[in-house]
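Colleague: no FASTA, just this:
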């Protein structure tokens, strides 16, 4: 494990050894705390506060925080209770594909100030040119900041209005230090780059592609302009919805125009929260219908936006409406306005002891488009027996564990139901137990499979409908139909409490379809949120509440709970992440440590009640901290663990910033990445020797440590310069 690495010196600073300038915190004047107005003053001396009708700044006399004083001390967040600010900003660019790292140290005198465009009196420190230089140094064609949305790094670092180029050098440096110190909350900005440059966004082409995807998935693609505060204030959104669902209440974020909403909303973002939006949507079977067109439809973005803006105003009265929607369904756009039909009150208790009342508008569409042509008959269901649709009463835990209500239960006092803020564990608050389910698997690139599972009075059915976007092939066929009798689902095990475990045949196992998309069964994830598809769904496993229960009925009840319109959407795609070796090189180039943990569940093979396969975890920490491997690594593949690690890598970078402002932030430079052997096959050999126990390899840039997690703690097995050498020292083939 070697690499050409410059030490964490202040590269780019006029005098790296002197450290960055340190200023007194203007917020707390070095006291490390401030006196701030108590939150109760926003509502005034009232216990019930209507949000939007704020008080006059008077304190709530019975406030539980300030006891009616109106002010309260709080830690100074600007300096993080240090009393002083570090005038240093570090920009780090890391190429995910190669592991190369380059950084720039922004201190007074490094960046030449420039006028801010459009404002002749403002000066700023341009950082965009620095980012381009860093990207060129690591060979990155495109990059995004790990913490903030793409594009935000190009924002200005404005200098105080007193700054002028004709001031003495000492005065200019002091004012530049003041501007740099104002960014102390984000003093180390970390950017992830990719070697291949991303193509510039084309909103019209991207919208056309999503329209075709909506046709393939049998979903609505909804463009929405919603009015927020001022009459002319519109926020634009893009999302997928199940036909027939209500207009979602609330909503946050949004873009300023339609093109911005298309660019800012990724494919997975458009599916996020689909379950919550479609929980009460009517459930229908998905029929074969017509094959969607092979090519994306033509889209006129300007025409769609103009029509939506027109629908934001009532045609007869000229009054502004609540917004407008354009719905892509059945190969065309349907336009409608949004109207306010009612308001709902919500109450929230604050730490001050006050109750805040919110009013949320309930919207409806001014005109409902016709039902889609591919919508079949309704999916039958029964009402959930374990929750009340009109209250928060749920089946009590005492019933869940014992099968009957406990008269001495402190929650329900023997009633069997108790209030809970959590969703019903039986139906996930849909209040329905479906007898049918449509499972849609897709790679979001044109391949789509619809699986139809249905229980009938005298039998069962499992159909499939397949579209292959590349070859434009279409196939619909019955995988199984049985009339009379129950489904052949053999008894394979029993839970510790005695409940029988059955396994359904291939048409009801999602793992069967993973090969159609060229992925492993462990790569299947939920399209809404990216959660792992449950082991029972992949293997067709169901635990019956009693021996006489029907396996398919119970299986469908569990698989469809909380799903929008009795539909389950599954993403069959491997994460687009670098290899484990590249991730280790990247982390070491950042002067951080990385721990890769693996547990091999080979001893569970054949027992379908238990976890199968492997469990992975990749954890990144600043150097010098105790090594604490994850004792329950749960990611099924190394790619899933890498994706999770990259998602939170910026937090490890932020923890590397010293708390003492007099200590400089490290400025890592790794022009030649570390040479690291691929840990995946090597750590698998170690995990097989310790099946069922988590094993870990810890890299700190100098050596590798092999660790074994046992019941009484973590035991170190070996330390060596490289992972193959460590395995060889343990008598395991490390070649």
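Modeller: Ah, there it is. These numbers were taken from a predicted model, which means no experiment stands behind them.
Colleague: please name the nearest non-neighbouring residue to residue 363.
Modeller: residue 247 (4.2 Å; Cβ to Cβ, 6 or more residues apart in numbering). In this view, the C-beta of every residue, glycine as well, is placed from N, C-alpha and C.
Colleague: mind checking the SS state of the one you found?
Modeller: Three-state call for residue 247 (DSSP: H, G, I helix; E, B strand; the rest coil): coil.
Colleague: do you know how far it is from residue 365?
Modeller: According to Cβ to Cβ, to the nearest Å, residue 247 and residue 365 sit 6 Å apart.
Colleague: please identify which of those two sits among more neighbours.
Modeller: A side-by-side neighbour count of residue 247 and residue 365, using other Cβ atoms under 10 Å, places residue 247 first with 22 against 16.
Colleague: got phi/psi on that one?
Modeller: phi -70, psi 130 (degrees, to the nearest 10).
Colleague: so it makes contact with residue 360?
Modeller: No - using Cβ atoms under 8 Å, residue 247 is not in contact with residue 360, being 11.8 Å away.
Colleague: check contacts around the residue nearest to residue 363.
Modeller: Residues near residue 247 by Cβ atoms under 8 Å, 6 or more residues apart in numbering: 325, 338, 362, 363, 364, 365.
Colleague: of all these, which two lie farthest apart?
Modeller: 325 and 362 (15.2 Å; Cβ to Cβ).
Colleague: give me the more crowded residue out of the two.
Modeller: Set side by side, residue 325 and residue 362 show more neighbours around residue 325, with 25 against 14, by other Cβ under 10 Å.
Colleague: returning to that earlier point: got any residues that touch both of residue 247 and residue 360?
Modeller: Residues touching both residue 247 and residue 360 (Cβ under 8 Å, 6+ apart): there are none.
Colleague: quick one on the thing from earlier: which residues are common contacts for residue 247 and residue 365?
Modeller: Common contacts of residue 247 and residue 365, defined by Cβ under 8 Å, 6+ apart, comprise 325, 338.
Colleague: what number of residues lie near residue 41?
Modeller: By the criterion of other Cβ under 10 Å, residue 41 has 21 neighbours.
Colleague: any idea which element residue 708 lies in?
Modeller: Using DSSP states H and E, residue 708 sits in strand 704-710.
Colleague: which is the next helix or strand following that strand?
Modeller: strand 713-720.
Colleague: after that next one comes which helix or strand?
Modeller: helix 723-729.
Colleague: and that following helix, what's buried?
Modeller: Across helix 723-729, burial judged by 16 or more other Cβ atoms under 10 Å covers 723, 724, 725, 726, 727.
Colleague: off-centre distance for the longest helix along the chain?
Modeller: Longest helix in the chain, counting residues (DSSP state H): helix 203-217. Offset of helix 203-217 from its chain centre (Cα atoms, centre = their mean, to the nearest Å): 22 Å.
Colleague: contact partners of that helix?
Modeller: The contact list for helix 203-217 (Cβ under 8 Å, 6+ apart) reads 220-221, 238, 240, 258-259, 262-263, 267, 270, 292-293, 295-301, 328-329, 331, 440, 442, 444, 446, 448, 467, 469, 569.
Colleague: at the geometric centre of this protein, which residue do we find?
Modeller: In the chain, the residue lying closest to the centroid (Cα atoms, centre = their mean) is residue 529, at 6.1 Å.
Colleague: where does residue 596 land in three-state SS?
Modeller: Three-state assignment for residue 596 (three-state DSSP): strand.
Colleague: give the bridge partners for it, please.
Modeller: For residue 596, the beta-bridge partners are residue 618, residue 697 (DSSP bridges).
Colleague: where does it land on pLDDT?
Modeller: Here the pLDDT value assigned to residue 596 is 96.
Colleague: now do the one 10 residues further on
Modeller: Looking at residue 606, its pLDDT stands at 84.
Colleague: that concludes my questions; thank you for your assistance.
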